[in-house]
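*Asks:* Here is my input, please return the structure:
(one chain, ligands or ions: 1)
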Amino acid sequence: SSSATPSLAPSAHTLRRSYGSESTPERKVAVLGAAGGIGQPLSLLMKLNPLVSRLSLYDIAGTPELRPMSATSTPVTGYASEEQLGLALEGSDVVIIPAGVPRKPGMTRDDLFNINAGIVKSLCTAIAKFCPHAIVNMISNPVNSTVPIAAEVFKKAGTYDEKKLFGVTTLDVLRAKTFYAGKAGSIPAATNVPVVGGHAGITILPLFSQATPASNLSTEDITALTKRTQDGGTEVVEAKAGKGSATLSMAYAGAIFADACLKGLNGVPDIVECSFVQSSVTELPFFASKVRLGKNGVEEVLGLGPLSDYEKEGLENLKPELRASIEKGIKFAREN
Ligand code: NAI
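*Replies:* Take a look at the predicted model:
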């Protein structure tokens, strides 16, 4: 087929467009929390992604502002009430979740738990029902707990596939790269820094010893860069002084990660991103590290590689907090 006419067929697996010999499969992406500070720009970026053939926007606050986006080739549909959540999700290949409250100054991500845990639980219950095979990109904080909550909900529904559940930690990677490049004098876009562990405070562990291009930064510089990466989100929360947390940079990070998931689904080789996933890299059941993405989601969870003594110490220091956050999520999902 060489037709560029958008198809309204619900099938996510038929071929829609072809460019020469190259065909792009139909992919439906749903954004839950699409009217929010992250959701709006993230939806816009997904709308512009040529790998997305249908975009479904859901928010209990409604998505009227986003609706005119359907006036071009990628059909966009907005859904605003819980009765429509099934329609929003049906046939989705990737579901991105930025629904929930953001931090205000003085709050930790864990302070969001009481509100966001319930939101994530109800959205994941609907995912299990309406698109059980979709890849889930969890943005809602505290990611260290919301990912385990999602896993428990899916397990209870009998739909859990550990290869398809991702906590989005891409913003930590973007921050680490940017701060490192500034110090090392490298070009940010050509810089790489793996970030492992979790997505809150000291659980965020950038591995500057593995940064490329390599540089000979002092211990003081590495300590300062690590702290700045860990506190990057809080820096934004304080600068916004009550108006929320990172939105544009998170939308950008979320779009990069979702694009990587879509490329993996479509069979593009060697797609590697850091993400918080079910893991046996450490003794913790969930852990962020480099992950190779493929046609079924996670193709391979990559190991940590050689760590500096400073990173080894950081790794041991983060484990109790990360374990507690994971257990808190599991407990919530089991008891509610
Ligand atoms: P926001 O308050 O601007 O937007 C949240 C949206 O979610 C609102 O439009 C709200 O109506 C919607 N919502 C609430 N309950 C819902 C439900 N049950 N179903 C559908 N939609 C619902 O918040 P913002 O700034 O967009 O942040 C969203 C989340 O992302 C927060 O939890 C924040 O902590 C997290 N975040 C995560 C980052 C990461 O690196 N993973 C970085 C920055 C923020």
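*Asks:* ok, the residue of the stretch 201-336 of the chain found nearest the ligand - contacts?
*Replies:* In the stretch 201-336 of the chain, no residue comes nearer to the ligand than residue 250, which is 4.0 Å away by CB to the nearest ligand atom. All C-beta atoms are positioned from the backbone trio N, CA, C, and that covers glycine. Counting by CB atoms under 8 Å, 6 or more residues apart in numbering, residue 250 touches 38, 42, 98, 139, 171.
*Asks:* 6 Å instead, please
*Replies:* Counting by CB atoms under 6 Å, 6 or more residues apart in numbering, residue 250 touches 38, 171.
*Asks:* go on, residue 207?
*Replies:* With the criterion set at CB under 6 Å, 6+ apart, residue 207 makes contact with 194, 311.
*Asks:* change the start of the numbering to 166 and stick with it
*Replies:* New numbering, starting at 166: the last item is residue 372.
*Asks:* Could I get the pLDDT score of it?
*Replies:* Looking at residue 372, its pLDDT is 98.
*Asks:* what's the burial count for the residue of the stretch 166-315 of the chain found nearest the ligand?
*Replies:* Of all residues in the stretch 166-315 of the chain, the one sitting closest to the ligand is residue 201 (2.1 Å; CB to the nearest ligand atom). A count of neighbours around residue 201, defined by other CB atoms under 10 Å, yields 24.
*Asks:* one step back: next SSE downstream of the helix or strand containing the residue of the stretch 366-501 of the chain closest to the ligand?
*Replies:* Using DSSP states H and E, residue 415 sits in helix 413-430. Sequence-wise, the next helix or strand downstream of helix 413-430 (DSSP H and E) is strand 436-443.
*Asks:* Can you tell me the closest non-neighbouring residue to the residue of the stretch 166-315 of the chain closest to the ligand?
*Replies:* Distances taken as CB to CB, 6 or more residues apart in numbering place residue 263 nearest to residue 201, at 5.9 Å, with adjacent residues excluded.
*Asks:* so the one you found makes contact with residue 205?
*Replies:* No - applying CB atoms under 6 Å, one finds residue 263 not in contact with residue 205, separated by 9.6 Å.
*Asks:* between the two, who's got more neighbours?
*Replies:* When residue 263 and residue 205 are compared for neighbours, residue 263 comes out ahead with 27 against 22, by other CB under 10 Å.
*Asks:* Do a quick rundown of the strands in the stretch 316-465 of the chain.
*Replies:* Along the stretch 316-465 of the chain, the segments classed as strands by DSSP state E, counting those that start in this stretch run 330-332, 360-362, 369-371, 436-443, 451-459, 462-466.
*Asks:* ditto for the stretch 166-315 of the chain
*Replies:* 180-184, 187-190, 193-197, 219-223, 241-244, 259-262, 300-303.
*Asks:* Quick one: those as TSV, columns for mean neighbour count and mean pLDDT too.
*Replies:* Formatted as TSV, these follow (neighbours: other CB atoms under 10 Å; pLDDT from 0 to 100):
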stretch	mean neighbour count	mean pLDDT
strand 180-184	15	44
strand 187-190	14	78
strand 193-197	30	97
strand 219-223	27	94
strand 241-244	22	88
strand 259-262	28	98
strand 300-303	26	98
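*Asks:* out of these, nearest to residue 342?
*Replies:* Closest to residue 342 of these, according to CB to CB: strand 300-303, at 19.7 Å.
*Asks:* count of neighbours near residue 359?
*Replies:* If we define neighbours as other CB under 10 Å, then residue 359 has 23 of them.
*Asks:* Thanks a lot, see you next time.
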